[in-house]
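Asks: this one's structure only:
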């Protein structure tokens with residue numbers, strides 16, 4: 001057994017993803033995943049983060065998903081007028097492959113907070129529909145649908161897929177609704193995979 005096979009066996013055993021799940025396809029809602037650890041004050045070894053932040057490492061995220069997934073798709077909201085956003089998309093496609101990266105423009109919604117036309121701009125990009133369509137389109141090619149998101153909007157999709165004989169794995173950060181939990185065969189807390197998918201960076205000065 002080579003190192004990669006050993007790591008795959010170890011991680012699957014640790015997360016209780018047995019062979020009974022068959023062929024797994026993973027779908028990553030990155031706008032959800034990217035917020036999983038933003039308020040964490042400790043790293044994966046319970047060490048305090050002082051002057052540091054813990055963030056998602058795209059390369060590690062792909063390597064982790066590939067340990068149990070036959071295919072992994074990632075969905076990311078892009079700001080077509082922002083060079084950093086476009087650069088991020090370029091890097092994401094290099095890591096995950098062009099066919100498995102789906103982007104669309106971020107919506108900028110004005111939320112008025114006073115009667116004097118003062119507002120805050122809320123950036124939003126929802127991929128529930130795209131993920132649902134892709135999962136349905138690929139339904140004959142996987143045994144288990146794994147969603148990296150705690151969004152309750154996936155309850156309907158999960159229940160539909162289960163009626164079609166598929167299993168559901170949810171990887172979530174924080175609280176999820178009872179209905180979402182009940183729509184899955186297995187739920188994994190993001191804190192349990194923090195060591196596999198994150199890196200530590202220095203905080204930028206204010």
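Replies: Happy to help now that I have it. Keep in mind it's a predicted model, so treat the numbers as computed, not measured.

Asks: Give me the next element, helix or strand, following the longest strand along the chain.
Replies: Criterion DSSP state E: the longest strand present in the chain is strand 71-78. Downstream of strand 71-78, the first helix or strand assigned by DSSP states H and E is helix 83-96.

Asks: picking that back up, tell me the strands beside the longest strand of the chain, with direction?
Replies: Applying DSSP bridges, strand 71-78 is found paired with strand 24-29 (parallel), strand 101-105 (parallel).

Asks: quick one: the longest one to helix 83-96, angle?
Replies: Read that as strand 24-29. Angle, strand 24-29 to helix 83-96, by axes from the mean of the first three to the mean of the last three CA atoms, to 10 degrees: 180 degrees.

Asks: lowest confidence element among the helices and strands of this protein?
Replies: strand 119-124 (a mean of 54; mean pLDDT, DSSP states H and E).

Asks: Any idea what residue 42 is bridged to?
Replies: Beta-bridge partners, per DSSP bridges, of residue 42: residue 48.

Asks: Tell me, how many residues neighbour it?
Replies: 13 (other CB atoms under 10 Å). Every C-beta, even on glycine, is put in place using the N, C-alpha and C of the backbone.

Asks: Hmm, residue 50 and it touching each other?
Replies: No - using CB atoms under 8 Å as the test, residue 42 is too far from residue 50 to be in contact (10.5 Å).

Asks: ok, and the closest non-adjacent residue to residue 91?
Replies: Leaving out its chain neighbours, the residue that sits closest to residue 91 by CB to CB, 6 or more residues apart in numbering is residue 58, at 6.6 Å.

Asks: Can you read off the pLDDT for that neighbour?
Replies: pLDDT for residue 58: 96.

Asks: Okay, now the unreliable bits of this structure?
Replies: 1, 107-125, 205-206 (pLDDT under 70).

Asks: And the strands in it, which stretches?
Replies: Counting by DSSP E, the strands of the chain are 24-29, 52-56, 71-78, 101-105, 107-112, 119-124, 144-148, 167-172, 186-189, 198-202.

Asks: Could I get those strands in TSV, plus columns for distance to residue 38 and mean neighbour count?
Replies: TSV is the format used below for the strands of the chain (distance: least, CB to CB, whole Å; neighbours: other CB atoms under 10 Å):
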stretch	distance to residue 38	mean neighbour count
strand 24-29	15	24
strand 52-56	8	17
strand 71-78	16	21
strand 101-105	21	17
strand 107-112	20	10
strand 119-124	15	10
strand 144-148	16	25
strand 167-172	15	22
strand 186-189	16	16
strand 198-202	11	13
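
Asks: would a markdown table of these with distance to residue 94 be doable?
Replies: A markdown table is the format used below for those (distance: least, CB to CB, whole Å):
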| stretch | distance to residue 94 |
| --- | --- |
| strand 24-29 | 16 |
| strand 52-56 | 16 |
| strand 71-78 | 12 |
| strand 101-105 | 9 |
| strand 107-112 | 26 |
| strand 119-124 | 24 |
| strand 144-148 | 19 |
| strand 167-172 | 23 |
| strand 186-189 | 27 |
| strand 198-202 | 17 |
